[in-house]
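Provided below for reference: sequence and predicted model.
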Amino acid sequence: MNADGIRTARKAGTPALRLAEGLGWLLDRISMAIAVGSVVVIFFSLIAEVVVRYMTDASLGWPNEVPNILFPWLIMGGIVLGALRGAHIAAEAFRSMLNTAQLRVLMMGIHLLVAVSFFYLAYLSLQVIQITRVQVFPMTGLGQAWAYSALLFGFGGIAVASVINLVRTAYADDPETLFETDVEHTT
C-alpha cells in the first residue's frame, strides 16, 4: 500500500517500475498542489474583493479575473489525479470475463492508446497557447495563454499518468486489483 492508499501488488525492484512509481508520486503531488492552490487563491482573491467592496465601495478589479485564469488549472489538476489514481469510470462487465493475462494486455493497450492520444492533444494545445498569447486579461495584464496552459498540463499529465499506469499494469501481480484501496478490498 502506498501513501495514497493504492494497492501496490507489483514486482519490487524493477528499474522501470521504480521510475514509474517515482514519476507517479511527483505527478500526484504536483497535481494536488495545483488543484488545492487554485482553490485557495481563487477563494482568497474573491474574499479580498468582497472585503474591499464592503469597506470602501471600490473594487480591486483583478480578483474577478482570477477564476478565469485558475479554474482551468483546478479542473485539470483534478483530472490528472483521477487518471493517475485510476479514479475514473470503468466498464467492469467486460473486464470480469477476462483472465489475468488477457486483462493485463487489454489494460496495457488502453493505457497506450490513451497516452498516445493525450500526448497528441498536448502537442495541439501548444498551438492554442500560441494563438492566445496575444490576448490579455485587462486588469491583471496576464496573457490568456496562462489559462490555456492548463490544457498542456492536463493533456500532458494524463498522457504521463497513462504511461505510468501502463508500467504499473505490466508489473502488477493482478491488474484487476491495481487501484483497489484497503477499504475497497475489505468490503
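That came through, no problem.

helix or strand for the spatially most central residue of the chain, which one?
The chain has residue 80 as the residue nearest its centroid, 1.1 Å off, counting by Cα atoms, centre = their mean. Using DSSP states H and E, residue 80 falls within helix 66-85.

circling back to that earlier point, okay, the residue nearest to the centre of the chain and residue 29: tell me how far apart.
Noted for residue 80: a distance of 11 Å to residue 29, by Cβ to Cβ, to the nearest Å. Where you see a C-beta, it was placed from the backbone N, CA and C, and this is true even at glycine.

which residues in the protein form strands?
Counting by DSSP state E, the chain forms no strands at all.

who touches the residue nearest to the centre of the chain in this structure?
For residue 80, the contacting residues are 27, 31, 153, 154, 157, 158, 161, by Cβ atoms under 8 Å, 6 or more residues apart in numbering.

Look up how far residue 51 lies from it.
In this structure, residue 80 and residue 51 are 33 Å apart, going by Cβ to Cβ.

go on, residue 72?
Distance from residue 72 to residue 51, by Cβ to Cβ: 26 Å.

Between the two, which is the more surrounded one?
Set residue 72 next to residue 51 and count neighbours by other Cβ atoms under 10 Å: residue 72 wins out with 19 against 11.

So what's the residue count around the residue nearest to that one when sequence neighbours are not counted?
Of all residues not flanking residue 72 in the chain, residue 150 sits nearest, at 3.7 Å (Cβ to Cβ, 6 or more residues apart in numbering). By the criterion of other Cβ under 10 Å, residue 150 has 24 neighbours.

Thought residue 76 was touching residue 150, still the case?
Yes. Contact criterion Cβ atoms under 8 Å: residue 150 and residue 76 qualify, at 4.5 Å.
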